[in-house]
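Colleague: 3D model of this:
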Amino acid sequence: GQWIALGTYFDKILCGNTRAQFQMERLSHSLDDVDVVVQLLEFLPGTRTLISVADGPQLQVCGWDVEQRELLFEHHLQTVSPYRSAILGKSGRLVVATAGELIILHPQTAKIEHRLPFDGEDISAIASTADGTLLAVGKKDRTLTLVDPRTGESQRVLLGHPGAIAKLEFFPDGRTLVAR
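Modeller: Coordinates of the predicted model:
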């Protein structure tokens, strides 16, 4: 059956499939006995590897094999400012927004492709096109910025959303963006 991430419950991540549901063991997120909060829980596209991103003193990126119920990798990343948002793109790249930068990396290796300076104090949502060639960054001030992830340059700033942007999603064509 198909695997789904059901969410978090205290220090556990709940997963299941159409055949059975289970609570994975040893999925707690802690750094030096400091509790952190899981902010992202998604599967790597086309795999049974569950990616979790947790914030705290450092950003923690973990990968879990849901069938074997084991930790595959765990990385700790220093960021220049507090975590704001993260997405796992269809290309398998992880995009993390902090208050001062966008970080694009491969979650399995923690190899950082780009660290893009970005005034992101009010970042509330991010999205990526399926091919990873365009990022959309939504802010609480009702602005939406389109960014080239290869260069970090803003392509366009869109104004006039009726409220704070809570969620962004590109259509598969990569040309249509929905902001809520």
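Colleague: Phi first, then psi, for R84.
Modeller: When quoted as degrees, to the nearest 10, the phi and psi of R84 stand at phi -120, psi -50.
Colleague: ok, how many other residues are close to it?
Modeller: Counted with other C-beta atoms under 10 Å, the neighbours of R84 add up to 24. For the C-beta atoms, the positions are set from N, CA and C on the backbone; glycine is no exception.
Colleague: How much space separates V80 from T176?
Modeller: Per C-beta to C-beta, to the nearest Å, V80 is found 33 Å from T176.
Colleague: Next: T98.
Modeller: Counting by C-beta to C-beta, the gap from T98 to T176 is 28 Å.
Colleague: Between these two, point out the one with more neighbours.
Modeller: T98 (23 against 9).
Colleague: show me the residues around that one that make contact.
Modeller: 79-84, 120 (C-beta atoms under 8 Å, 6 or more residues apart in numbering).
Colleague: Can you find the helix or strand in the chain with the smallest mean pLDDT?
Modeller: In the chain, no helix or strand scores lower on mean pLDDT, DSSP states H and E than strand 30-31, which sits at a mean of 39.
Colleague: Tell me where the model's unsure across this protein.
Modeller: 1-36, 120-121 (pLDDT under 70).
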